[in-house]
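S.K.: Here's a sequence, model it:
(3 chains)
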Amino acid sequence: MATKINDSQLAQLLEATLFASERPLLPDELMATVLSDFSISNKRLLQVLKQLMLDYQGRGIELVSTASGYRFQTKSEWSEYLARLWPERSPRYSRAVLETLALIAYRQPVTRGEIEAVRGVTVSSQIMRTLLDRGWVKVVGHKEVPGRPGLYATTKEFLNYFGLNDLASLPALTEFSAQSVLSMETEALFATAASDPTNLPGTPALQTGTANTVGMTEEEI
Amino acid sequence: MATKINDSQLAQLLEATLFASERPLLPDELMATVLSDFSISNKRLLQVLKQLMLDYQGRGIELVSTASGYRFQTKSEWSEYLARLWPERSPRYSRAVLETLALIAYRQPVTRGEIEAVRGVTVSSQIMRTLLDRGWVKVVGHKEVPGRPGLYATTKEFLNYFGLNDLASLPALTEFSAQSVLSMETEALFATAASDPTNLPGTPALQTGTANTVGMTEEEI
Amino acid sequence: MTTTASTRSAALPSADALSPLTVQPPLPLAFVRGEAVHLRPDDLYIPPDALEVLLEAFEGPLDFLLYLIRKHKFDIVDLPVNEITRQYMDYIDLMQGMNFELAAEYLVMAAMLAEIKSRLLLPRHDHQSETELDPRAELIRRLQEYEQFKQAATDLDAQPRQDRDFFLVKADLAENFAPLVILPEVSLADLVAALSEVAKRVKDFQHHHISKEKLSTRERMSRILEQLRAGQGYLLFEQCFSLDEGKAGVVVSFLAILELVKEKLVLLEQVQAYGQIHLKLA
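M.R.: Reported below is the predicted structural model:
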């Protein structure tokens, strides 16, 4: 190609350039690099760029003009889907997070101070934020003591996530008070769960306990 | 958007995806990520991709299918101009590198010794290093002969880099028959020599050539 | 890359031009097989590195032999060993005469050519079968094979290549793009394990007998507190009960209210006897 270029060719060259470039390009930069062989007025360049913008209406990407130059970008309506191309895996929850969650589940409604009293360590704001952001716990009220601390409880999403109908379906812990028994029972729970994954929660071992308790409750009424 | 998506929207989403992705994407990968919410048949996906390819005819970029999937790339007619944006990107490769690469591509898996037997010269470690560093070849095993030499094969990156779907898309090996004509290269050579009798060693013409060749050798990788 | 190829090959004629036979200068600079080699004819200057460059122009003895064959329009399968050997030797001798260090492969090839030539010179015996291998056969096969890959290398180089013939493209992401974060998985077993960890650490934990009833009550406590918040801090006593939950539900709600009052989270108000009872956030 000589020093002449028609509008269609110019549009193609600009398109290829702006897509291939890692950063936005200003008209001056285009003139100084890919267009240096051609004598193109600034006005014509801007016209062709404008036409390019129109060409991409109704497509999945658009040509935009920013302070640092022209660049192609994806249309905002597809961002949600594009996010799935690069999912970020967040790290596993720490023991502190799991313990806090367990205490909120079993002792709700409960204040942070009460959790700290049982755990024997401070519960950081970060831990509470993690559980609140996950949508598993929420503040259901405030305790009328100095400072009016928030009372935390688990949410419906918490029950849904763990496949529970209600909190009563959480594994019972009454029988686990003795440490040795506790670990054995836990092991049994895991073993049963592993052999029959469809039966969680409420593995046979657990169900016995549950049935007893619930049964008793009903008879007591 | 629910689980329904029309062809135009699908084309837009694919367009946004393939432009946003840093690497080519296979239909399966598209299905598992951006399209996971929709129930789209493989046939429909391929149809829309084909339509997208057609949409970009007459533009500065094109949608192509490579070994690692679909990707957009600039049309080759603009490479001369685009190269000005990244003068450092396009290294030249020596004949030794190219012959070695060709032997690995067509004869894989192949040992260095086997390459040397065909080329009639030693294949330097530098040549193998260049190809390995480039990610175009890799050691896929070892030949069970004394010394257990490495067996070389080409990689997916090699195919992607050369815009190929698979090894079968490589140019067919030329069969040089008994009556094989002079290669065009050699013919051109004689034409030049004949038309320019001054083109003897040491003439300015050769010197220019020499300078070029030497310079090139240094640039070559 | 095609430009590179042609630039390279443009230097090739010099190989022939350098042949010692065509130059007629007064002062030979070297003697090769008795013949004078005049590297510096009157009107020409040879750059000292020209021969070296020439050597580098070939990818080895096979490449050079191919060049000689093609130059003389010989047929590979009809390899005229005498002529090729003569030319090859001239070249080698010239190089050695110039004290250039030749790659060993060139000398090996010279020896092979000499051997083929001598075997061809041997008188053929009548009893030799027609099928006996032509001493040239192996060399011809290698030349053909090499030529094939030499061409393949050229073809490969002509193949459109990334960053030379095409460039990869990329669009930026829209401003509203937010990465998808995959949250960690937790199992019920993890929760039980976590609680048992706490239990192990805290001795008096065993005094907190957490039973099913207790749990139902505590869950109901949470729910009532929520209802209270939704109702601006007030709730009718009856609103805490739902008939379709049956007696069990009523009992759980009642226990929850009592517990809430006990924990001073909720106040009960009754303006007049037998009047409506209100729950009020403490």
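
S.K.: Nearest residue to the middle of chain A?
M.R.: A:Arg134 (7.8 Å; CA atoms, centre = their mean).

S.K.: Excluding residues flanking it in the chain, which one is nearest it?
M.R.: Distances taken as CB to CB, 6 or more residues apart in numbering or on different chains put C:Leu183 closest to A:Arg134, at 6.3 Å, once the chain neighbours are dropped. Any C-beta I mention is one placed from the backbone N, CA and C, and that applies to glycine too.

S.K.: quick one: that neighbour from A:Lys138, how far?
M.R.: Applying CB to CB, to the nearest Å, the value for C:Leu183 to A:Lys138 is 17 Å.

S.K.: Compare those two (neighbour count), which wins?
M.R.: A:Lys138 (19 against 13; other CB atoms under 10 Å in any protein chain shown).

S.K.: Look up phi and psi at the more buried one.
M.R.: phi -150, psi 170 (degrees, to the nearest 10).

S.K.: Quick one: residues contacting the closest residue in space to it that isn't next to it in sequence.
M.R.: Distances taken as CB to CB, 6+ apart place A:Thr155 nearest to A:Lys138, at 5.4 Å, with adjacent residues excluded. Contact analysis of A:Thr155 by CB atoms under 8 Å, 6 or more residues apart in numbering or on different chains lists A:135-138.

S.K.: Before we move on, what's the pLDDT of A:Thr155?
M.R.: We have a pLDDT of 94 for A:Thr155.

S.K.: and if you look at A:Leu101?
M.R.: 95.

S.K.: cool, and A:Thr217?
M.R.: On the pLDDT scale, A:Thr217 gets 30.

S.K.: swap in A:Thr192?
M.R.: A:Thr192 carries a pLDDT value of 39.

S.K.: residues making contact with stretch A:39-57?
M.R.: A:3, A:5, A:7, A:10-11, A:14-15, A:27, A:30-31, A:35, A:62-65, A:70, A:72.

S.K.: What residues of that stretch count as buried?
M.R.: In terms of neighbour count (16 or more other CB atoms under 10 Å in any protein chain shown), stretch A:39-57 has its buried residues at A:40, A:45, A:48-49, A:52, A:56.

S.K.: Let me have those in CSV, adding pLDDT and secondary structure as columns.
M.R.: Listed next are those as CSV, based on pLDDT from 0 to 100; DSSP: H, G, I helix; E, B strand; the rest coil:
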residue, pLDDT, secondary structure
A:Ile40, 93, coil
A:Leu45, 96, helix
A:Val48, 96, helix
A:Leu49, 97, helix
A:Leu52, 95, helix
A:Tyr56, 94, coil
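
S.K.: Report the buried members of the contacts of stretch A:39-57.
M.R.: Applying 16+ other CB under 10 Å to the contacts of stretch A:39-57 flags A:5, A:10-11, A:14-15, A:27, A:30-31, A:35, A:62-64, A:70, A:72 as buried.

S.K.: where's A:Arg129 relative to chain C, distance?
M.R.: Distance of A:Arg129 to chain C, given as CB to the nearest CB, to the nearest Å: 13 Å.

S.K.: Quantify the burial of that residue by counting its neighbouring residues.
M.R.: Using other CB under 10 Å, A:Arg129 has 10 neighbouring residues.

S.K.: quick check, distance from the host helix or strand of C:Thr85 to the centre of its chain.
M.R.: Using DSSP states H and E, C:Thr85 maps to helix C:81-97. How far helix C:81-97 lies from its chain's middle: 45 Å, per CA atoms, centre = their mean, to the nearest Å.

S.K.: for that helix, packing partners?
M.R.: Counting by 3 or more CB pairs under 8 Å, 6 or more residues apart in numbering or on different chains; DSSP states H and E, the packing neighbours recorded for helix C:81-97 are strand C:30-32, helix C:50-57, helix C:61-71, helix C:104-121.

S.K.: rerun at 10 Å
M.R.: Contacts defined by 3 or more CB pairs under 10 Å, 6 or more residues apart in numbering or on different chains; DSSP states H and E place helix C:81-97 against helix C:13-17, strand C:30-32, strand C:35-37, helix C:50-57, helix C:61-71, helix C:104-121.

S.K.: okay if I get the contacts of A:Thr155 as a markdown table plus pLDDT and secondary structure?
M.R.: Shown next, in a markdown table, are these (pLDDT from 0 to 100; three-state DSSP):
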| residue | pLDDT | secondary structure |
| --- | --- | --- |
| A:Gly135 | 94 | coil |
| A:Trp136 | 95 | coil |
| A:Val137 | 96 | strand |
| A:Lys138 | 95 | strand |
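
S.K.: Please, a PyMOL command that selects the buried ones among those residues?
M.R.: Of these, the buried ones go into a single PyMOL selection, burial set by 16+ other CB under 10 Å:
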select buried, chain A and resi 136+137+138
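
S.K.: Pick the one among the contacts of A:Thr155 closest to C:Arg70.
M.R.: A:Gly135 (76.9 Å; CB to CB).

S.K.: isn't the closest one right up against A:Lys156?
M.R.: Yes: with contact defined as CB atoms under 10 Å, A:Gly135 reaches A:Lys156; the gap is 9.1 Å.

S.K.: who's in contact with the residue most central in space within chain C?
M.R.: Most central in chain C under CA atoms, centre = their mean is C:Gln162, positioned 13.4 Å from the mean C-alpha point. Shown in contact with C:Gln162 (CB atoms under 10 Å, 6 or more residues apart in numbering or on different chains): B:66, B:73, B:89-90, B:157, B:160-163, C:168.

S.K.: who touches C:Arg142 in this structure?
M.R.: Residues in contact with C:Arg142 (CB under 10 Å, 6+ apart) are B:117-120, C:61-62, C:65, C:109, C:112.

S.K.: any idea whether it is helix, strand or coil?
M.R.: helix (DSSP: H, G, I helix; E, B strand; the rest coil).

S.K.: show me where chain A has helices.
M.R.: Using DSSP state H, the helices assigned to chain A run over residues A:7-20, A:27-32, A:42-55, A:79-82, A:95-107, A:112-119, A:125-134, A:156-161, A:179-195, A:204-220.

S.K.: among the ones you listed, which gets the worst mean confidence?
M.R.: Minimum mean pLDDT among those: helix A:204-220, a mean of 32.

S.K.: ok, and of the contacts of stretch A:39-57, which contact chain C?
M.R.: Filtering the contacts of stretch A:39-57 for neighbours of chain C using CB under 10 Å from any CB of the partner chain leaves A:15, A:62-64, A:72.

S.K.: got these as JSON lines, with distance to chain B columns?
M.R.: Output for those, formatted as JSON lines (distance: CB to the nearest CB, whole Å):
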{"residue": "A:Glu15", "distance to chain B": "4"}
{"residue": "A:Glu62", "distance to chain B": "10"}
{"residue": "A:Leu63", "distance to chain B": "12"}
{"residue": "A:Val64", "distance to chain B": "13"}
{"residue": "A:Phe72", "distance to chain B": "7"}
